[in-house]
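[1] Next come a sequence and a model predicted from it.
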Amino acid sequence: MAKITLNAVSKSYDKRAVLQNLTLTVDHGECFTLLGPSGCGKTVLLRLIAGFETPDAGVIHIGDDMVAKAGEASIPPDRRDLGVVFQDYAVWPHMSVFQNVSYPLKLAKAPPAELEEKTRKAIALVNMQGLEERLPSELSGGQQQRVALARALVAQPSIMLLDEPLSNLDANLREEMRFEIKELQHKLDITVFYVTHDQEIALAISDRMAIMDKKGKIRQIGTPVEIYEKPADLFVFNFVGVANFITVNKQGNTLYAGTGAQAIPWEMPEDIASAAMNWIAGCRPSDVIIARPASVDKSADKGADKYLRGVIKRASFLGAMMDYLVEIDGAHLRTALETHYAISNDLLFKEGDECAITFHNLHWFDAAHMSEITE
Amino acid sequence: MSYVRLVDVTKRFGEVTAVNKLNLEIAKGECFSMLGPSGCGKTTTLRMVAGFEDLDDGEIHVGERLLSSKKKGYYLPPEKRDFGMVFQAFAVWPHLSIYENVAFPLRIRKLPSAEIDSRTKTALKATNLLDVAKKSPEDLSGGGKQRVALARALAINPDVMLLDEPLSSLDPHLREEMRFEIKDLQRQFGFSIIYVTHDQAEAMALSDRILVMKLGVVQQIDTPMNIYRRPANKFVFSFIGLHNFLEVERKEGAYRLLAGEALDKNLTPPQDLATEARLTLASRPSEIDFVDDGGISGRVIRKSFLGEFVDYQITVGEQTVRVQKGRRTQGPEKDENCRLQLLHPVWYKVDE
Amino acid sequence: MSPTSPTSSAIKKDSGFGAAQIILTLSIGILVVVVAVPVLLIFLNAFWDNNNDFNLAAVVKVLSEPDTYQALLNSIIIACGTTLGSTAVGTFFAWLVTRTDLPYKKFMKGMFLVPFMLPSFIGALAWKMLLSPRAGYINRFFMDTLGFDNPIFNIYSYAGIVMVEIMYLFPFVFIQVCGALEHMDPTLEESARISGAGLGTITRKITIPLVLPSILSGALLIMLYSMAHFGTVAVLGIENGIFNIPTLIYEKIHQSAGSFESIRTGTVLASVLVITAAFIIWMQNKILGKGRYQIIAGKSFRPMELKLRGLRIPLLIFCLAYIGFTIVLPTAVIFLVGALPTYGLPFTLENLSLENYKFILFDFKVTRDAIFNSVTLGLAAALITMFAGVMISYVIVKMKVRGKGILEFLGMLPFSVPGSVIALGVILAWSGKFGINLYNTVWIILVAYIARYMAFSLKANSAALEQVHDSLVEAARACGATMWQALRDIVLPLVRPGMLAAFFLIFLPSLRELTVSIMLYAPTTRTIGVAIYTLNEDGETVRSAAMAGVALILIIVGQTLINRFTAKHKR
């Protein structure tokens, strides 16, 4: 059982605490992504699991084995049964593709026939057949990354640790490779622990994901849909996906958009009266419903007070999407419409046009937490 | 009224023809983008307009002025052309302060010092750099440096601004912000822009018209909306965004997927293609709907949640299509069957 | 993104406390014995008197003696003249071959780098043969054939010394400036052009200021080299009583056979050299660290070329003349004089023979010994220094053990200790003071070579090791390799080119070494450099020239082999 368990793990460098009292479980056979901003300590976590670092406090288990415990000798990385793929590939430049991939088997003293067979299989798995004798310098970035993947897989480890393996690739290749990694994981039934700052990859690849903040604290763990649709707090909401924030002013028990007097047409937070804090509303661009005021006014069930009246400040045509920046009494939000939908529903706005805004969904947050994301 | 005119402009590097008989007219105050993959000749064209490359054939005019002409053996060096230009790698001078970087073109022109000062300050103000004018550009981030380059190009108040991938060294967030800033500056100062990029979204968002180029040959010159909705050929279609190309064949009077089922009756090619035995049906992943009846049948082989939208890989017959739907749209699950309707397909010849 | 502290813990943990500590201790030990102790002894001798009291007054007294004071002044005059001249020449040629349409630029660039290869004291020797006031061939030609009353140029002068040093040192600036100009982002100049500036203005206002840090860094290198330079001044200056610091140290030690007073003077002068060198290196690091602009960038087009038009041919002729005058002429003179029976005879066919060459190669014990000594010393020094260098660099670059700071400091030391200082230092350290007396043996020269060339080895090996990213080793660990397996299979193969580079960087220069060996040689332990120098001193000019010719051939063949080899391994 390739389950990874971290219990109350802490790690500091030069007295700067990177991880504090962190507990986390990665289940067997799942693809688990650790998503966080640059420098948040997520790579440190991966290096602790790999055994390149030892924890200052806490215990790390892989399966039933305790691999590291603060203050005790730990199991070195070469005996942890892992595959690791690094951000910079770390393909050995003096060895051919075949030599790179077969190296783990050579160390394990595999018989020549088995070594040959397993290496060929791993190379085929990442679609690199025919390039066995090439040196890394003769390969593209994507190909080098595949070599690194094959090398990590060849000894059939039960766990793969991936540290930003795609961030040096161009967008197309990145997309292709992320599907390939996912496919390999299914095919080989291994546990994948993936570290990245790219939320798109994290959403696409994960069975479950954890969001880590700048201080190395985990804010939320859940499936991609849970993280996206039910963010635990403002940090998670802002970090994953495009976030709109609508500043509000509170008068009595009503919240008005921006500095104006249009009440937000959405259920108020429950403790609106009691809480002494300032509220802020958040939504995704796709949560914003934009319409022409005239068409909404005509329909009987929606009166003028059921929507917010705004002005298009900026209209950008981006190809598949129309991107509008809307101002509502000093509050700004962005909305994205599929171009063909905008065309067929007469929603091609020009700058300066008036529009009517309603919402599919709104989240309420404590405005004090805005400082977390604006620094 | 055309302002910048390129007539039969041709450039060869040894055996390779980088730009082939390019004709182009750009209006005063227009934002014109040249878009294409690397090596398509867009940068070479810009450099010919700037004067860094001579022509092998043709002429370039701006307003009343002749800039280059092969026939007349005329070539005005770049320093005499009075353009503003911004480069990909910023190219701000690290040994000069931000102020002196911007004042440089004015000092070269030996303007009176009071005028140098006022015009430098105008340019710095327009780019929000007035507060840091005394600093070295090395102290600024990439976006800041590119602002200095913009201010320097603005200082002489040029009629034409040449931008060579000015945003591709910046991170995506900043790229978007700077895009709007460039647009605002254009509104404020009224110059024409010739903009070179390989990023189609950038070109779409910024331009009045776009030129799509491939191997030195013009593929299409049109408004962003037309480029997107009515690409002149398969290359333009594929270059401008995600795409599906489905091959169809004509059998028993109707078009059907290659070795597959028939298309909807109302899906017919335009008159001039109606006689072809095989055609390509092009559509965007976002312009395909899931329907209960009609359309073509498919099976979901991959479904990924990407936040704002969900990405599907679907097999139809022997081919696969990609579909992207907003996250609020109900769609089939992995390994389920579904029916697809192409909303706005475009027909092309197979070998086009 | 990753934290700043990678590698280490794995190494620390698994190679075991003992192994890491042993390697560190060994590394520190080598540097202490080879470099630190000699330097320390020099400072002790200079600043502490017989009663073990710190005595600054005595130091001042030594420095204010007329001949030491004059030597100090001379060192500065010569260094400044050489630096200014070399910088001007180097920058001009660099600009010419990178920014203009001069014909045969590639060939020119290669030729301008040749002086790097040639030992400057052999050059000085050649110039002495050409321009010594009475016997020099050029002067004689002007006086005897053209009827001039006086020699046209006296090479035994400040001007002569500076001229010869410029010829051999300007490549330091040339190569730095060429690199900067070639890698500079062309859009930096293009944006000036589109701003309205012509090429002249761009060169003055943009190009030159941008490469200024490279120019300065090259200039400081020359300054450092010239201050501590022995050969040229020894060959051309001593005749006319012009001493600089290294030649005066030599004179003091050599003539007074190690009397207390002369050693005292020597150590004081050596201290001045070390302090100056340290200061220059500090300045250089400052300029390189902070002042060098980030002017290298992406998308590259050909940089603009200045059309020389009418000046194209005259400048071509000028360059060819320069190359002919500074490289071909002196080299030819060495070989020709080496073929004469007596110095001063005209170069007619019947005068020329290979007799001298035969004599020094086969019959003359002194020169045969010298060749044997230089080759074996070179091989031994190169091998030892290469291995020591790779170990020390590994500790500095890759390991994180307590006490590494000491090693980093010691590792800087070899860079700032000039040859004559090392020679004096090893005399102090290895003349029996600590129970081991190597003086007058070949071993003392070996120790001095190791100290002198340690800097080269550290530089080449650290550069190679820095290329070996930590993740390459970690990847091997994750594949199941132990620390030692990872070292054997990954690190060692990857640093091998760096080690080879270090070997050659040491072996070749040691073949022509003069500064250190001249202070340490005994009758049977002459090196090639010493043999050439002493033969010349003894008036055996033609044999000296023949020996110099042999040395040139050795150097050129060696260099060609290396170029072949590195070209093959770069692919």
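    Thanks, I have the structure now. Fair warning: this is a prediction, and the values are worked out from it, not measured in the lab.
[2] Make sure B:F90 is actually in contact with B:S168.
    No - judged on Cβ atoms under 8 Å, B:F90 makes no contact with B:S168 at a distance of 11.3 Å. Quick note: C-beta positions are derived from backbone N, CA and C, even for glycine.
[3] Direction included, what does the helix or strand harbouring A:R309 pair against?
    Per DSSP states H and E, A:R309 falls inside strand A:308-317. Here strand A:308-317 has these sheet partners by DSSP bridges: strand A:321-328 (antiparallel), strand A:354-359 (antiparallel).
[4] So is stretch A:220-234 next to chain B?
    Yes - using Cβ under 8 Å from any Cβ of the partner chain, stretch A:220-234 reaches chain B at A:P224, A:V225, A:Y228.
[5] can I assume the last one is in contact with A:L203?
    I take that to be A:Y228. Yes - between A:Y228 and A:L203 a contact is recorded at 6.8 Å, counting by Cβ under 8 Å.
[6] so how far is whichever helix or strand A:P104 is part of from its chain's centroid?
    Using DSSP H and E, A:P104 falls within helix A:97-107. The chain centroid and the centroid of helix A:97-107 are separated by 32 Å under Cα atoms, centre = their mean, to the nearest Å.
[7] Spit out the contact partners of C:R477.
    Taking Cβ atoms under 8 Å, 6 or more residues apart in numbering or on different chains as the criterion, C:R477 is in contact with A:G51, A:F52, A:P76, A:P77, A:D78, C:A10, C:M483, C:A486.
[8] Next, format those as CSV and append pLDDT and secondary structure.
    Listed next are the contacts of C:R477 as CSV, based on pLDDT from 0 to 100; DSSP: H, G, I helix; E, B strand; the rest coil:
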residue, pLDDT, secondary structure
A:G51, 91, coil
A:F52, 91, coil
A:P76, 89, coil
A:P77, 89, helix
A:D78, 88, helix
C:A10, 37, helix
C:M483, 85, helix
C:A486, 90, helix
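[9] Pull out the buried residues from the residues you listed.
    A:G51, A:F52, A:P76, A:P77, A:D78, C:A10, C:M483, C:A486 (16 or more other Cβ atoms under 10 Å in any protein chain shown).
[10] domain parsing for chain A?
    Listed by automatic domain parsing, the domain ranges of chain A are A:4-239, A:244-374.
[11] Correction: the previous question concerned chain B.
    Per automatic domain parsing, the structural domains of chain B span B:2-237, B:242-349.
[12] does any part of the first one sit near chain C?
    Yes - against chain C, domain B:2-237 shows contacts by Cβ under 8 Å from any Cβ at B:47, B:50-52, B:77-85, B:87-95, B:104-105, B:108-109, B:138, B:149, B:152-153, B:156, B:162, B:165, B:169.
[13] pLDDT below threshold where in the chain?
    No chain specified, so I'll use chain A. A:1, A:273-276, A:297-305, A:374-375 (pLDDT under 70).
[14] Please refer instead to chain B.
    Short version for chain B, where the test is pLDDT under 70: B:1, B:352.
[15] Then the stretch 401-550 of chain C?
    Scanning the stretch 401-550 of chain C for pLDDT under 70 picks out nothing.
[16] Chain A contacts on that one?
    Selection of the stretch 401-550 of chain C residues close to chain A by Cβ under 8 Å from any Cβ yields C:469, C:471-472, C:474-482, C:485, C:489-490, C:493-494.
[17] For the stretch 251-375 of chain A, list the residues in contact with chain C, please.
    Going by Cβ under 8 Å from any Cβ, none of the residues of the stretch 251-375 of chain A are near chain C.
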